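Undergrad: no sequence for this one, just the structure:
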């Protein structure tokens, strides 16, 4: 069992600036479903969208616009995008 998904709901701008979030690349994806495996830790900040991510060994986790999320390295999961996503992301 790997580490859980960590979510910071509505983080303040100081935290986003401290991490350099606004300088990270942006990823977009339409409403869809797909399996995913995290070969390395990903931190992302959702600008738009609504998603349910279900870890292979866990319960569904809801996230979306305004959330700063950390996905642990080694996690296999299933993504279900309920509303199109636009997010900043950083690996490592």
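TA: All right, it came through fine. This structure is a prediction, so every number in the text was calculated from the model and none was measured.

Undergrad: list the contacts of stretch 13-30.
TA: 8, 43-45, 47, 49, 68, 81, 84-90 (CB atoms under 8 Å, 6 or more residues apart in numbering). The way it works is simple: take the backbone N, C-alpha and C, and place the C-beta from them, glycine included.

Undergrad: centre of the chain to it, how far?
TA: 11 Å (CA atoms, centre = their mean, to the nearest Å).

Undergrad: strand partners (parallel or antiparallel) of the strand ranked longest in the chain?
TA: Secondary structure of the chain per DSSP state E: the longest strand is strand 76-91. Applying DSSP bridges to the sheet, strand 76-91 is found paired with strand 26-29 (antiparallel), strand 32-37 (antiparallel), strand 42-55 (antiparallel).

Undergrad: which parts of stretch 65-85 are buried?
TA: Neighbour counts over stretch 65-85 (16 or more other CB atoms under 10 Å) mark 65, 67, 68, 69, 71, 75, 77, 81, 85 as buried.

Undergrad: end-to-end on it?
TA: 8 Å (CA to CA, to the nearest Å).

Undergrad: give the rounded mean pLDDT of that stretch.
TA: Taken as a whole, stretch 65-85 carries a mean pLDDT of 97.

Undergrad: so residue 68 sits against residue 42, correct?
TA: No: applying CB atoms under 8 Å, one finds residue 68 not in contact with residue 42, separated by 11.5 Å.

Undergrad: pull the most distant pair out of the buried residues of stretch 65-85.
TA: Spanning the widest gap among those are 65 and 75, at 22.1 Å by CB to CB.

Undergrad: tell me how far residue 61 lies from residue 52.
TA: 7 Å (CB to CB, to the nearest Å).
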